[in-house]
Structure formats: C-alpha cells, structure tokens
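[1] Just need the structure, nothing else, for what follows:
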Amino acid sequence: MSAEHASARIVAAYARGDEDVAADELWALEAHLEACRTCRDRLAAAVAEQAPAVMVLVDTVWSGLEAELSAAPAVPQARRRWAGRPARLSRQLSRWLTPTMVPWLAMMTTVTLLALVLDLAGPGTGTAAGEVSLVLLLAPVLPVLGVAASWSRGLDPAYELTASAPRAGLPLVLRRTAAVLAVLVPVLFVAGWATGVMLAQWLLPCLAFTSATLALGGVVGVTRAAATLVAVWAAVIAAPTLVAGRAAVALQSAGLPAWGLALALGTAVVIARRGAYSVLGAHR
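    Modelled structure (predicted):
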C-alpha cells in the first residue's frame, strides 16, 4: 500500500478472495479500509467487476431487508438521539474493557482492600525493612492477573472475533492493559498510603511486572506469560517472604533500581516486537 491509499493489486486480490495475499497486507488493508472511504469505494467497484456472485448475494439479502426496514415505524429525532447514546457509550467502553474484565477487576479490588485491612490489623505495617506488607506483596501481580483475564480464551465469549479484528494488535493490548491499571493503581495508591509503603516501592514492581507480561506475551501468549510470572513471583518472592517474616530485598528500597531496569527492558521488548501482537497466538 502507498502512504495514502491501497494499491490496485491488493484491492483486486482482496475482492477476489485470493489466498496467496500476505497476512500482514490483509491486516494493513482492513485497518486502512476502516478510515478511507475512497478505498472502500474502489473495493466495492472491484467486487462488482471481479466477484459478481458476491454482489448478487448482497443484493438478495438487501432486497429482503429493505421491505422490513421501510415498514418499521419512524422514531422521533430526539428519541433517536437519546437512544443512541447508550450504544455509543458501550462501543467506546468496548475499546478498553470487555464484560469479563469487570468481575475480575472487582475481585482484585476486593483482594487489595482485604490486604489493606490485614496490614492495618497486624502488629506492624509499612516501612520498616523487616516488616511484611501484604499490599506490597500483591501489588506486582494483581494487574498481571487483570491483563490475563482480559485476553483469556475461556473467559471471553467473543475471543475469536476480537482476536481476528484488524485492530487487535498492540494498540488493543495496550488499551486493555491501561484499563486494568486505571482501576487498580488508584486502589493500590490508597492502600500503600494507608500502610505507609513508599509509592515507588509498589508502583515500580507493578509496572515492571506488567511490561514483562506483555513482553513475554509476544512469544508465548499474554495469558501464559501472566501465569508464568505469577508462579515465579509466588515461589521466589512471596512464599519465602511470608515464611521468613521479613521483606525480601526485592521488596525493599534497595531493589528499586532493578525494578526500574526491568520496566525499561520490558517496554523496549514490547516496542521492538510490536508486530507479534497482531497474530492469534499472542492472545492465548
């Protein structure tokens, strides 16, 4: 494709349904057609010329619908305007959230609040090097679980439709990740402030784990990457910390430079492999 419009070759091949067109060209064309009326008109002309059977099918379907649409009672303009607002709002939210994410986000918010209650009810919470904060232990993995839930094949009934859409690449992955963080970070901020945990002490591990999930997700799938990292965190950091009753070095201020480096590396990998999120395997 050129910088402005699709080439005649790829438009004609798309109209004929050729199977030898490269996958990246198909994705680029479908994404371009969403915003380019000129190329949509060219595609319609190509279909009429090279795939007349498709036009016959469309005309047949339309002839059956036209009579029903004409017989439908007219809706007042004001009512149509108000009736369309919930649908528009739903479409806007669907770009950032899926219905399956709502109960997961509610559950993770509840878990954070319970950890806060347990921290406040304990003999000591917060900033001392030897004390263990449940909020600090949970902060890195809660967003990861939310991101995994948003891409889970078993939890999203519209998974195949979403994963095969032309805009289902990195932009959609980042939108859903941002939606998870937008809900959980304020809750964690309040919990951290109440327990006396330093902001960077929980925020850097939280963002580093999230970026690592996306980076690894480009190789093995987001859901599998999340499950792997949560298991590693539980075995290497959380369990030994709870058994010893002392915060591990990774949870103390001394570990902040390492978390910052992990965040930078994860972000760099996501940017470098941004094309890997446009295939179905990345959504496993």
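
[2] can you list the domain ranges for the chain.
    8-71, 95-283 (automatic domain parsing).

[3] for the record, mean pLDDT for the last one?
    So the one you mean is domain 95-283. Averaging pLDDT along domain 95-283 yields 77.

[4] Please compute how far it lies from its chain's middle.
    How far domain 95-283 lies from its chain's middle: 13 Å, per Cα atoms, centre = their mean, to the nearest Å.

[5] May I see the buried residues of the one helix or strand residue 212 maps to?
    Taking DSSP states H and E as the criterion, residue 212 maps to helix 199-220. Neighbour-count burial for helix 199-220, with 16 or more other Cβ atoms under 10 Å as criterion, is recorded at 201-218. C-beta coordinates here come from the backbone N, C-alpha and C atoms, glycine included.

[6] likewise stretch 185-198?
    So for stretch 185-198, counting by 16+ other Cβ under 10 Å, buried means 185, 187, 188, 191, 192, 195, 197, 198.

[7] neighbouring contacts of that stretch?
    109, 112-113, 115-116, 119-120, 125-127, 133, 135-136, 139, 142-143, 199, 201-203, 206, 253 (Cβ atoms under 8 Å, 6 or more residues apart in numbering).

[8] ok, residue 215 touching residue 270?
    Yes: assessed by Cβ atoms under 8 Å, residue 215 is found in contact with residue 270 at 5.3 Å.

[9] can you map out the helices along the stretch 1-150 of the chain?
    Ranges of helices in the stretch 1-150 of the chain, per DSSP state H, counting those that start in this stretch, are 8-16, 23-35, 37-50, 52-71, 77-94, 101-121, 134-138, 142-150.

[10] Equivalent analysis for the stretch 151-284 of the chain, please.
    Assigned by DSSP H, counting those that start in this stretch, the helices in the stretch 151-284 of the chain fall at 159-163, 170-195, 199-220, 222-233, 239-244, 256-272.

[11] just checking, what packs against the last one?
    Okay, so that is helix 256-272. Applying 3 or more Cβ pairs under 8 Å, 6 or more residues apart in numbering; DSSP states H and E, one finds that helix 256-272 contacts helix 199-220.

[12] So which other helices or strands are in contact with the helix it packs on?
    On a contact count with 3+ Cβ pairs under 8 Å, 6+ apart, helix 199-220 meets helix 134-138, helix 142-150, helix 170-195, helix 222-233, helix 256-272.

[13] Go again with 6 Å.
    helix 142-150, helix 222-233, helix 256-272 (3 or more Cβ pairs under 6 Å, 6 or more residues apart in numbering; DSSP states H and E).
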